[in-house]
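Novice: all I have is the shape, not the residue letters:
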Ligand code: HEM
């Protein structure tokens with residue numbers, strides 16, 4: 001098959017641009033005295049292929065520790081076209097999250113920026129970041145969440161009825177469920193065809209986030225870009241609708257995130273550009289549903305596999321059912337959730353061993369240094385959750401699954417050593433939302449079903465998030481715990 005001339009031209013232009021950048025970055029090395037040890041690998045490609053292959057096979061930890069053994073905890077490599085420094089350990093995490101002189105900023109790979117938009121929350125800094133994050137956070141903090149619990153509970157109950165199905169694919173189920181919760185609670189988008197189409201578009205967009213950024217026919221990247229176009233149109237219409245409602249003063253509109261964004265003003269009282277609003281709505285959808293769906297999937301796998309965990313969760317949820325007996329509340333309450341301490345400790349220990357977000361790139365925008373090594377402007381740094389999560393000096397016997405580690409507060413660990421929700425100004429604002437959602441879903445699942453894995457020893461693949469490779473099909477056996 002011949003490559004079409006247009007495609008060839010696109011590839012050649014992309015290679016030329018990468019080469020020019022490589023030469024520029026390479027030139028900058030000579031001005032720096034003490035670069036971190038390590039190999040930059042092949043020109044342009046660096047060590048990208050080996051790193052991505054290891055990631056897909058869930059062997060990134062091994063890939064990294066091979067280099068730590070050779071070079072020490074601060075080493076250089078080259079990934080996705082940029083020299084990249086790995087900083088292993090709590091001090092490295094702190095440095096990346098809190099570079100006080102503004103030397104390190106967020107840096108999403110090209111396809112992520114193309115699909116989530118250049119104003120997505122991760123890419124924003126300073127005043128605009130504070131403004132958009134503040135608007136989101138007001139919906140995600142415990143005071144607000146307490147008001148959501150009952151409606152979130154109703155959505156979850158409806159969604160896990162499964163229409164008599166004997167088996168389900170957990171990954172898809174959890175993605176749909178968390179998407180529906182986000183749509184209903186944060187965006188006031190009711191269930192129906194519009195929500196289903198939006199889910200399909202977000203699924204296509206997510207597939208493109210870590211694809212090669214070549215806009216070629218039928219490529220995941222092109223599909224994702226087309227999906228983004230439809231999502232943008234959808235949100236643009238929704239913002240206009242909410243603005244009109246606000247103008248007509250229809251009871252302060254829906255009181256959802258979109259209305260709040262539509263009403264947002266900058267320091268001078270000016271409206272925020274629509275592009276900025278849309279990119280941040282997209283970040284909120286992607287940030288809220290995929291990560292939580294992974295945590296839920298892995299919890300369901302763990303409960304199926306580990307009898308002690310299963311019994312512990314059942315015991316706790318039974319006790320809650322008993323206490324609720326004869327009460328007036330049809331739905332679970334904020335108070336009930338505070339009693340699910342064991343169930344949340346299981347989730348915390350799971351995120352220690354398999355953090356849904358493994359780590360992330362950040363860009364170096366000013367020459368800086370760490371641990372005696374220079375890190376030049378134009379390079380990337382990578383923060384890594386698992387390096388401290390699996391450090392035996394912080395978590396003794398790290399391979400052992402032991403939820404009692406979280407019996408105190410997770411604040412009892414050294415700062416920046418337990419970081420499933422990141423750290424610093426871009427840390428996750430949705431951690432409490434995730435906790436509430438996870439506890440409600442686990443409660444209703446375990447009260448209404450027993451389940452077992454259909455594929456024994458199904459491996460984890462990272463794409464880049466860690467999912468069971470075949471979507472975790474499970475057999476469902478209905479029951480009514482405690483009734
Ligand atoms: C188990 C579930 C979740 C995990 C493990 C998780 C993890 C993370 C991590 C590690 C970051 C920081 C990324 C970085 O610095 O590169 C982050 C950021 C973010 N998360 Fe979450 N998240 C979860 C759930 C949620 C939920 C439920 C929401 C919203 C309802 C949410 C919204 C966001 C947003 C908007 C950001 C960007 C914050 C910023 O740039 O200021 N996340 N999340």
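Specialist: Structure received. Model, not experiment: these values are computed from the prediction.
Novice: for the residue of the stretch 301-450 of the chain found nearest the ligand, what are its contacts?
Specialist: At 2.1 Å from the ligand, residue 430 is the closest residue in the stretch 301-450 of the chain, using C-beta to the nearest ligand atom. All C-beta spots, glycine's among them, are computed from the backbone N, C-alpha and C. Taking C-beta atoms under 8 Å, 6 or more residues apart in numbering, we find residue 430 in contact with 140, 287, 288, 292.
Novice: so the nearest residue to the third one once chain neighbours are set aside: helix, strand or coil?
Specialist: To tie it back to what came earlier, the one meant is residue 288. Distances taken as C-beta to C-beta, 6 or more residues apart in numbering place residue 182 nearest to residue 288, at 4.7 Å, with adjacent residues excluded. Assigned by DSSP: H, G, I helix; E, B strand; the rest coil, the conformation of residue 182 is helix.
Novice: residue 182 is in contact with residue 289, isn't it?
Specialist: Yes. Residue 182 lies in contact with residue 289 (C-beta atoms under 8 Å); the separation is 5.2 Å.
Novice: which residues of the chain lie near the ligand?
Specialist: Proximity of the chain to the ligand (C-beta under 6 Å from any ligand atom) is limited to residues 121-122, 133, 136, 140, 283-284, 287-288, 291-292, 295, 356-357, 360, 420-422, 426-430, 433-434.
Novice: which of these are buried?
Specialist: Among these, those that count as buried by neighbour count (16 or more other C-beta atoms under 10 Å) are 121-122, 133, 136, 140, 283-284, 287-288, 291-292, 295, 356-357, 360, 420-422, 426, 428-430, 433-434.
Novice: buried residues in the helix or strand hosting residue 282?
Specialist: Applying DSSP states H and E as the criterion places residue 282 in helix 274-305. Residues of helix 274-305 classed as buried under the neighbour-count rule (16+ other C-beta under 10 Å) are 274, 276-304.
Novice: so residue 102 versus the ligand, what's the distance?
Specialist: In this view, residue 102 and the ligand are 15 Å apart by C-beta to the nearest ligand atom, to the nearest Å.
Novice: tell me how far stretch 452-461 lies from the chain's centre.
Specialist: 22 Å (C-alpha atoms, centre = their mean, to the nearest Å).
Novice: my read: residue 388 touches residue 415, true?
Specialist: No. Residue 388 is beyond contact range of residue 415, at 10.3 Å (criterion: C-beta under 8 Å).
Novice: which of those two has more neighbours?
Specialist: residue 388 (25 against 12; other C-beta atoms under 10 Å).
Novice: need phi/psi at the more buried one.
Specialist: Backbone torsions of residue 388, given as degrees, to the nearest 10, read phi -90, psi -30.
Novice: contacting residues for the closest residue to it other than its chain neighbours?
Specialist: Of all residues not flanking residue 388 in the chain, residue 417 sits nearest, at 4.2 Å (C-beta to C-beta, 6+ apart). With contact set as C-beta under 8 Å, 6+ apart, residue 417 has these partners: 90, 93, 388, 389, 391, 394.
Novice: if we use 10 Å, what do you get?
Specialist: Counting by C-beta atoms under 10 Å, 6 or more residues apart in numbering, residue 417 touches 89-91, 93-94, 352, 385, 387-389, 391, 393-395, 410.
Novice: per-residue pLDDT, the residue of the stretch 301-450 of the chain closest to the ligand?
Specialist: Looking at residue 430, its pLDDT reads 97.
Novice: over to residue 11?
Specialist: Reported pLDDT for residue 11: 58.
Novice: after the helix or strand containing residue 337 comes which helix or strand?
Specialist: Using DSSP H and E, residue 337 maps to helix 334-338. Scanning forward in sequence from helix 334-338 by DSSP H and E, the next helix or strand is helix 341-353.
Novice: overlap in contacts, residue 182 and residue 289.
Specialist: Joint contacts of residue 182 and residue 289 (C-beta under 10 Å, 6+ apart) are 202, 430, 437.
Novice: from residue 213, how far out is the residue in the stretch 101-250 of the chain that the ligand sits nearest to?
Specialist: Nearest residue of the stretch 101-250 of the chain to the ligand, counting by C-beta to the nearest ligand atom: residue 121, 4.0 Å away. Distance, residue 121 to residue 213, by C-beta to C-beta, to the nearest Å: 20 Å.
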